[in-house]
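> whatever this is, show me its structure:
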Amino acid sequence: ARAMRRTVDRELARARTAARAVDAQADPARVANGVIAVLRRTPEGARLHWQQTIPEGLAVALDEADLAEAMGALAENAARYARNKVVMSARVQGDRVQLTIADDGAGIGKNDLDRLMRRYGRADEKGTGLGLAIATDIAEAAGGTLTLGDAAPGLAASLTLPLARLN
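Residues are numbered from 1 along each chain as shown. Have a look, this model is predicted:
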């Protein structure tokens, strides 16, 4: 019954996110600045150099709170594993934007990437294993994706999201 409840809750959350994304717009640069401001107040975030190069004026088709939740989960993971620096960047690709959060930590083996993308998949015992799954759910509900890859050194998490239609 608990497993069914979690599945129903997850699907309802996805439906809410998808419904909000129809007319939603969020500025990734502004959201990134907010996420960085919050994480700089944590012990892990305070010790890091944060570099944010997302251009102002981009608009993704996603509710701002949902984008903040997804970017926050990815940035929190990056802060946990970074040695000195976390970089947040963006690249427009046609009608989509790829938002990347990369750390300069030790990285992770390719065999472990699939495990991390599953709900409760963790690299260590520090987190809950839900951050990447939540970010994936948010991205997919908006018609996007989340991918993990090598940042040499470190790990890069990339949210690819549709650009908002300007009215």
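
> okay, and Ile101 sits in which element?
Secondary structure from DSSP states H and E places Ile101 in strand 96-103.

> what about that strand, average pLDDT?
Across strand 96-103, pLDDT averages out at 97.

> list the helices and strands it packs on?
Counting by 3 or more Cβ pairs under 8 Å, 6 or more residues apart in numbering; DSSP states H and E, the packing neighbours recorded for strand 96-103 are helix 28-39, helix 64-81, strand 85-93, strand 155-162. Every C-beta, even on glycine, is put in place using the N, C-alpha and C of the backbone.

> run me through the strand neighbours of it, direction for each.
Strand pairing for strand 96-103, using DSSP bridges, gives strand 85-93 (antiparallel), strand 155-162 (antiparallel).

> would you turn those into a markdown table with distance to Gln51?
As requested, the strands paired with strand 96-103 are arranged in a markdown table below (distance: least, Cβ to Cβ, whole Å):
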| stretch | distance to Gln51 |
| --- | --- |
| strand 85-93 | 5 |
| strand 155-162 | 13 |
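
> so which of the ones you listed is the most surrounded?
Of the strands paired with strand 96-103, the one with the most neighbours on average (mean count of other Cβ atoms under 10 Å) is strand 155-162, at a mean of 22.

> what's the angle between it and helix 28-39?
140 degrees (axes from the mean of the first three to the mean of the last three Cα atoms, to 10 degrees).

> list the contacts of strand 155-162.
Here strand 155-162 makes contact (Cβ atoms under 8 Å, 6 or more residues apart in numbering) with 60-62, 67, 70-71, 74, 77-78, 81, 93, 95-103, 105, 107-108, 132, 135, 139, 142-150.
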